[in-house]
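1. make a model of this:
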Amino acid sequence: MTDEKDYFLELSSNPIRFEPVSKIANVFFDDANQQVFVVRSGGATGVVVKGPDDCKSTDFRMDDKGDVVSIKFSPDLKVLAIQRSQKSVEFVNFSGAIDSVEYSQSCKGKATNILGIAWTCANEIVFVTDHGIELYQVSSEKRTLRSLKTYTLQVNWFVYQPETSLLVLSSGPLGNILHPFQFKPGVATRLPKFEVDLPIIPKPPRVCLLERDVTTAVLYGKCVIVVLRHQARTSVGGTGAEIVIYTLQKEAPPRKTDILKLDTSGRFAVNVVDSLVIVHHQASKKSMLFDIKLPGYSDGFVTYHRPVVPPSPIRPLKLKVTLPPNNSLEEVSYELYSPNWVVFQPNIVIDAKIGCLWYVTLRLEPLLAHFEDKRQLVDFLLQRSNSKDVLLGVCRRLLEKDSQLPLEQIAYVFDKLAAKEGCVDPSDMYVHVFSKFADEGEDRFHFVVSTLVEYIRSLVQHQLPVPYCHNELLINALVQNRRFHQLHQFLQYHVLTDSKPLACLLLSLHAVYPPATQLALDMLKRLGTANEEIVEVLLSQKRVLSAIRFVQNLGTSDSISARKFLEAARMTEDPSIFFAVFKFFEHRNESLRGVPEFAKGEHCEQYVKHFEALYSDT
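-> Numbering: from 1, shown residues only. Sure thing, here's the model as predicted:
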């Protein structure tokens with residue numbers, strides 16, 4: 001039995017519940033709005049719409065005008081399209097309640113049949129027919145439709161990707177000529193067609209590439225067409241089924257870029273979660289996970305991929321159901337990989353027989369143990385959404401004593417983190433990784449310092465600010481181990497970023513390392529915005545004459561407080577220093593006011609008396 005921690009997929013804990021399919025209730029799903037429609041008795045006894053949130057959920061009644069083939073709201077939920085026949089589509093305005101007036105649009109051509117419909121934007125809808133596509137603009141105010149564009153070609157079936165407005169049509173006797181179309185408001189663009197390779201061509205020819213085997217998706221921001229081949233066309237990587245990924249190009253036909261080796265046969269279904277391709281296999285009741293970003297085997301044209309981790313079942317699930325005879329609500333185990341499953345993109349599973357819609361979600365923690373190369377693991381996690389906490393945990397473990405990861409690999413990880421903006425910032429690393437890591441003892445001192453320096457180097461290289469807390473951590477590690485020469489070198493070669501807090505930290509080290517004071521002063525001078533702090537430091541160290549020379553060089557000696565400097569000079573208990581400072585201010589007074597005496601507002605009477613006491617006999 002699979003351990004709980006090994007399940008890397010699970011279904012959402014709160015499924016969207018709806019009335020199960022029955023003789024009087026038909027169930028439809030609109031993947032664009034992710035809405036389930038339960039139509040009872042053609043709508044006469046009610047239509048219940050369940051969406052991912054309350055604003056996409058509603059219920060209403062409509063006249064029973066025959067069996068519903070397809071039913072979909074416009075993206076803004078203001079117009080409802082209802083297909084009841086192969087010849088026309090009815091429309092009805094909707095504003096909290098359904099309008100009483102329907103308006104209709106027939107497809108073009110007497111021999112033409114509608115295969116399906118798709119809203120391409122709030123007021124445009126495409127009819128896919130067996131003779132091509134018809135794009136219409138819907139005017140809800142006038143209750144009319146206007147033809148915008150028509151393309152004529154023989155069509156077997158179609159798939160539509162609402163996220164990118166990509167429509168793919170199948171044509172040809174084998175069904176393997178695919179025609180992509182992309183829609184923008186008012187525009188339908190026909191992209192270059194392409195031919196899907198078939199492992200076996202039947203005789204006589206028949207449509208053997210089916211709608212159920214083709215999916216459109218978005219992987220890492222690129223539109224792709226995913227094709228399931230139940231039999232491998234090449235011997236590369238073994239036999240069994242495989243999935244071929246065709247990536248759309250700007251000017252050229254879609255290019256075959258990747259092949260996912262399934263190495264088994266049977267019934268499959270495909271989801272996409274966080275740019276990962278998930279392949280569900282019904283017979284084994286397991287799912288496979290593929291990442292086309294990870295390296296695989298390449299023949300120079302196509303990259304072949306194997307599952308990232310061994311196939312695993314979806315995490316077991318329990319459903320709350322009402323049980324007779326007391327109609328009590330109890331939890332029962334649900335059969336995963338049910339034959340009743342219908343899968344929609346990107347990550348939706350529907351079981352219409354019991355009336356549940358789930359979202360397939362990824363659990364990252366169970367995947368960690370399967371990556372021997374920790375650099376590859378970090379690359380993988382950086383591509384996942386909501387992976388910050390897991391990444392921080394991985395970084396913490398990489399720096400543990402038993403990890404023994406070489407420093408160059410740790411540097412690679414730091415560079416990857418720094419390059420991915422907005423994922424793991426330095427403050428996260430400080431709180432969750434380095435603050436614990438730096439507390440380790442003398443036996444790992446060299447590794448601790450080397451790692452901290454490497455992280456600071458990575459931030460600087462990627463032009464990211466180095467927070468003071470990281471510099472403080474490094475300095476404390478050096479001081480605790482009395483590596484003052486190293487500290488001196490790091491400051492001399494600007495490994496540590498100049499800042500006022502860092503200079504203050506250096507000043508606090510005066511008792512254990514006196515040269516740190518001069519290092520702090522040099523740093524404050526380099527900052528150019530800490531002149532007051534430099535003066536205060538010099539005065540606190542009884543270097544009053546140095547402080548005066550500093551303000552003279554700045555050209556601000558006319559504005560300094562005589563009282564502050566005279567008090568600092570008196571505290572030195574060195575008469576020669578007090579004499580020099582007193583005479584400096586007398587000269588300043590004479591220069592500014594023409595007399596050597598201090599002004600009353602300067603409150604220097606006590607220092608005049610002190611000077612007279614020292615030199616009254618002179």
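
2. state the pLDDT value of the spatially closest residue to A217 that is not a sequence neighbour.
-> Distances taken as CB to CB, 6 or more residues apart in numbering place V272 nearest to A217, at 4.5 Å, with adjacent residues excluded. In this view, the C-beta of every residue, glycine as well, is placed from N, C-alpha and C. Listed pLDDT for V272 reads 96.

3. got it, and R17?
-> For R17, the predicted pLDDT is 91.

4. ok, what's across the strand from it?
-> C356 (DSSP bridges).

5. next one: it from L329, what distance?
-> 12 Å (CB to CB, to the nearest Å).

6. those two: which has the busier surroundings?
-> Per other CB atoms under 10 Å, whichever of R17 and L329 has more neighbours is R17, with 14 against 9.

7. what strand or helix carries A81?
-> Assigned by DSSP states H and E, A81 belongs to strand 79-83.

8. pull out the buried positions in whatever helix or strand comes next after that strand.
-> Downstream of strand 79-83, the first helix or strand assigned by DSSP H and E is strand 88-94. For strand 88-94, a neighbour-count test (16 or more other CB atoms under 10 Å) marks V89, E90, F91, V92, N93, F94 as buried.

9. do stretch 94-103 as well
-> F94, I98, D99, E102, Y103.

10. so where's the longest helix in this structure?
-> Longest helix of the chain, by residue count under DSSP state H: helix 575-593.

11. who's in contact with that one?
-> 544-545, 548, 557-558, 562, 565-566, 568-570, 572, 595-599, 604, 607, 610-611, 614-615 (CB atoms under 8 Å, 6 or more residues apart in numbering).

12. same check, this time on stretch 136-152
-> With CB under 8 Å, 6+ apart, stretch 136-152 has contacts from 74, 78-79, 91, 93, 101, 103, 105, 108, 123-127, 131-135, 181, 186-188, 190.

13. over to stretch 180-200?
-> For stretch 180-200, contacts defined as CB under 8 Å, 6+ apart pick out 120-121, 124, 126, 133, 135, 137, 148-149, 151, 164-169, 174, 176-179, 208-209, 225, 227, 229-233, 244, 246, 248-249, 251-254, 256.

14. also stretch 80-88?
-> Contacts with stretch 80-88, where a contact means CB under 8 Å, 6+ apart, come from 62, 65-74, 89-94, 98, 102, 104-107, 112-114, 116-117, 119, 125.

15. how far away is the residue nearest in space to the middle of the chain from D274?
-> By CA atoms, centre = their mean, the chain has its centre lying nearest to S385, at 3.8 Å. Per CB to CB, S385 is found 6 Å from D274.

16. neighbours around the residue lying closest to A252 once chain neighbours are set aside, how many?
-> Spatial nearest neighbour of A252, chain neighbours left out: P192 (6.3 Å); criterion: CB to CB, 6+ apart. Neighbourhood size, P192 [other CB under 10 Å]: 12.

17. and what of R267?
-> With other CB under 10 Å as criterion, R267 counts 14.

18. OK, contacts around it?
-> Neighbour list for R267: H281, Q282, A283 [criterion: CB under 8 Å, 6+ apart].

19. look at it and report its pLDDT.
-> pLDDT, R267: 92.

20. quick one: low-confidence parts of the stretch 451-600 of the chain?
-> Scanning the stretch 451-600 of the chain for pLDDT under 70 picks out the ranges 529-530.
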